[in-house]
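Engineer: can't give you the sequence, but here's the structure:
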C-alpha cells in the first residue's frame, strides 16, 4: 500500500485529511492515526478511493507486490514438499495406530482366556489410568 499516494491525491483534489475523514465517516484523529501507523483496512481504503473518485488500485503500485513467477514457483514447491512430508507423517501415524490396536486386541484376547483375577486387575489398572488421564487433562485445562 502506497500511503503517500493518499496525500498526493488530497493535494491534487484540494482536500485535507479532516475533509476526507468527514467524507468517509471517520474522525480526523482516527484517519491520521491509521495513515501514520499504516493500518488502514481494505474497507477504509475502498471508501477513500470512492471519496477521491479513483480506483483502489491507485494505492497499490508494483513495488507493493514484490512477487515474481520464480519466487512464487519456489514457494509453491516448498509448500508441496512440506505437504508431502506431512502426508507421509500422517500415514506413519495411522500405521502406528493400526499396529497398536492390533496388539491391544491380541493382548485382550490372551487376557480374556487367562486367569480372570489377573484380567480384572489389569482392567482395573487400565480404568484407573484412564481416570488419571481425564483428571490430569482437566487440571491442565484449569491452569
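Structural biologist: Structure's in. What do you need? Note that the structure is a prediction, hence the values are computed from the model and not measured.
Engineer: where does this structure dip in pLDDT?
Structural biologist: For the chain, the stretches flagged by pLDDT under 70 are 62-68, 115-116, 130-143.
Engineer: switch the cut-off to 50
Structural biologist: The chain contains residues with pLDDT under 50 at 136-137, 140, 143.
Engineer: The longest helix seen in it - contacts with which helices or strands?
Structural biologist: For the chain, the longest helix by residue count, based on DSSP state H, is helix 69-113. Applying 3 or more CB pairs under 8 Å, 6 or more residues apart in numbering; DSSP states H and E, we find helix 69-113 packed against helix 116-142. For glycine as for every other residue, the C-beta is placed from the backbone atoms N, C-alpha and C.
Engineer: Now find how far off-centre the longest helix of the chain is within its chain.
Structural biologist: When C-alpha coordinates are averaged (CA atoms, centre = their mean, to the nearest Å), helix 69-113 and its chain have centres 22 Å apart.
Engineer: separation between residue 75 and residue 86?
Structural biologist: To residue 86, residue 75 is 16 Å away according to CB to CB, to the nearest Å.
Engineer: Same question for residue 36.
Structural biologist: Taken as CB to CB, the span from residue 36 to residue 86 is 41 Å.
Engineer: Check residue 5 too.
Structural biologist: Note on residue 5: its distance to residue 86, by CB to CB, is 41 Å.
Engineer: Over to residue 97?
Structural biologist: Using CB to CB, we find residue 97 at a distance of 16 Å from residue 86.
Engineer: Centroid-nearest residue for this structure?
Structural biologist: Geometric centre of the chain, nearest residue: residue 79, 15.3 Å, by CA atoms, centre = their mean.
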